[in-house]
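Colleague: Any chance you could fold what I've pasted below:
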Amino acid sequence: MATFILKRDNLKLGIVLGLLGPALGLVVYYFIKFPSTEFSDFLDEFIHNNKLITGIGSLCLLANAVLFTIYINTQRDNTAKGIFLITLIYGVAILILKLFNG
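Modeller: Residues are numbered from 1 along each chain as shown. Below you'll find the predicted structure:
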């Protein structure tokens, strides 16, 4: 299944992967750093703490950077475009969240 996804070159796939990468990164970070905290409490702390927004946001976007690199290096440019588009949207959302959180 994973090799099938790696071989596809589709903008919609890139968008889906771009959405899933940071979400998966956030969940992994939660299980590693906040295992005894309720997920809703973790999300509330994440949204209201600028230090967490910066740190976790960067790590989540790193997941997309890895995906983007894989698809660029395998000449799957349409998928890479979708990942890049969503990465930009996530990045702007993180900046806006930090600005209005202050």
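
Colleague: Quick one: residues contacting residue 39.
Modeller: Neighbouring residues of residue 39 by CB atoms under 8 Å, 6 or more residues apart in numbering: residue 30. Any C-beta I mention is one placed from the backbone N, CA and C, and that applies to glycine too.

Colleague: How much space separates it from residue 85?
Modeller: 27 Å (CB to CB, to the nearest Å).

Colleague: just residue 52 next, same as before
Modeller: Residue 52 is 25 Å from residue 85, by CB to CB.

Colleague: Quick check, pLDDT for the most centrally placed residue in the chain.
Modeller: Taking CA atoms, centre = their mean, the centroid of the chain lies closest to residue 22, which sits 1.8 Å from it. Looking at residue 22, its pLDDT reads 90.

Colleague: For it, give me its contacts.
Modeller: Taking CB under 8 Å, 6+ apart as the test, what residue 22 contacts is 60, 61, 63, 64, 90.

Colleague: Can you report how many residues lie near the second one?
Modeller: Burial of residue 61, expressed as a neighbour count using other CB atoms under 10 Å, amounts to 19.
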